[in-house]
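S.K.: Sequence plus the predicted model coming up.
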Amino acid sequence: MTSLDELLQSPTSSDKVQAVLNLLLEAPYFYKTDHEDLFMFLRRYTKEFSEFFETNFGWQLTVDAKCGRVFKPRWYNEKITPSNRDMFNFTKRDECIAFMLVLEFFETKLEEAAIGIDDPENLRFLFGDLLDFEILRFQETFPESIENYGDEAVRRILRQIMPQLERYRFLLKIKPPDDTVILQEEIIYECLPAMWHYTANAVARPVDADPSSVPEATPEVGEVE
């Protein structure tokens, strides 16, 4: 079996190894659409890259048909507190729930459209459809507080989480033509492959009024760093 060290020594692959390592570390996710040739190189040598990260750093590499990511399960510098770490994480109850409802909405739309992870096109949706879904599910989750989760209240919650989902490359806002004026409900978002790495199962568990008891928005393989 070829090791990553051997690939680094090869004049035909050393540049690709270096480029892939940088791409994996420059952002939480490395997408096939970022650089298809290098992504396919990563797919071909996933085992070699995985062993390199695990052996040298104790990190975990996950690669699927559209996405690669490196997860660091442990922070070694205890002086860097969680609040000072640049990582994807929601701490307020309603924001955690709103994120999990985004995942639930994503899974629902996938099922309706019969889209799988190997499909070449990513799922797209209208913000208005997400808003309606979130309002309904918030009110179902808190039937005793329906008045607290009307249109404007849920919009405020989404205004807090949508920029984070764009920043960490879960969603991509599709820019309309320059000469087009659209309403907020008409904004189109594309679900990027990172969405497949999370699960919405936690939203099905009972939610207590105490924020400390709310299940965190946690991915299947760990937080995005």
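M.R.: Done, it's in.

S.K.: what about the strands in this structure?
M.R.: For the chain, the strands defined by DSSP state E occupy 30-31, 60-63, 67-71, 124-126, 171-174, 188-191.

S.K.: Show me what the longest helix along the chain is packed against.
M.R.: If you go by DSSP state H, the chain has its longest helix at helix 93-113. With contacts defined as 3 or more CB pairs under 8 Å, 6 or more residues apart in numbering; DSSP states H and E, the packing partners of helix 93-113 are helix 127-141, helix 151-167. From N, CA and C alone the C-beta is placed, and that goes for glycine too.

S.K.: Out of the ones you listed, which one sits most buried?
M.R.: helix 127-141 (a mean of 17; mean count of other CB atoms under 10 Å).

S.K.: Give me the helices and strands touching that one, please.
M.R.: Helix 127-141 packs on helix 93-113, helix 151-167, strand 188-191, going by 3+ CB pairs under 8 Å, 6+ apart.

S.K.: Flag every buried residue along the longest one.
M.R.: It stands for helix 93-113. Neighbour counts over helix 93-113 (16 or more other CB atoms under 10 Å) mark 93-107, 109-110 as buried.

S.K.: Can you dump the C-alpha atoms of that helix in PDB for me?
M.R.: Below are the C-alpha coordinates for helix 93-113, written out as PDB (Å, rounded to 0.1, in the frame of the first residue of the first chain):
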ATOM      1  CA  ARG A  93     -32.100  27.400  23.100                       C
ATOM      2  CA  ASP A  94     -34.100  28.800  20.200                       C
ATOM      3  CA  GLU A  95     -31.100  29.000  17.900                       C
ATOM      4  CA  CYS A  96     -30.200  25.400  18.600                       C
ATOM      5  CA  ILE A  97     -33.800  24.300  17.900                       C
ATOM      6  CA  ALA A  98     -33.900  26.500  14.800                       C
ATOM      7  CA  PHE A  99     -30.800  24.800  13.400                       C
ATOM      8  CA  MET A 100     -32.100  21.300  14.100                       C
ATOM      9  CA  LEU A 101     -35.300  22.300  12.300                       C
ATOM     10  CA  VAL A 102     -33.200  23.500   9.300                       C
ATOM     11  CA  LEU A 103     -31.800  19.900   9.300                       C
ATOM     12  CA  GLU A 104     -35.300  18.400   9.600                       C
ATOM     13  CA  PHE A 105     -36.500  20.700   6.800                       C
ATOM     14  CA  PHE A 106     -33.600  19.500   4.700                       C
ATOM     15  CA  GLU A 107     -34.400  15.900   5.300                       C
ATOM     16  CA  THR A 108     -38.000  16.400   4.500                       C
ATOM     17  CA  LYS A 109     -37.200  18.100   1.200                       C
ATOM     18  CA  LEU A 110     -34.800  15.400   0.300                       C
ATOM     19  CA  GLU A 111     -37.400  12.800   0.800                       C
ATOM     20  CA  GLU A 112     -40.000  14.700  -1.200                       C
ATOM     21  CA  ALA A 113     -37.600  15.200  -4.100                       C
END
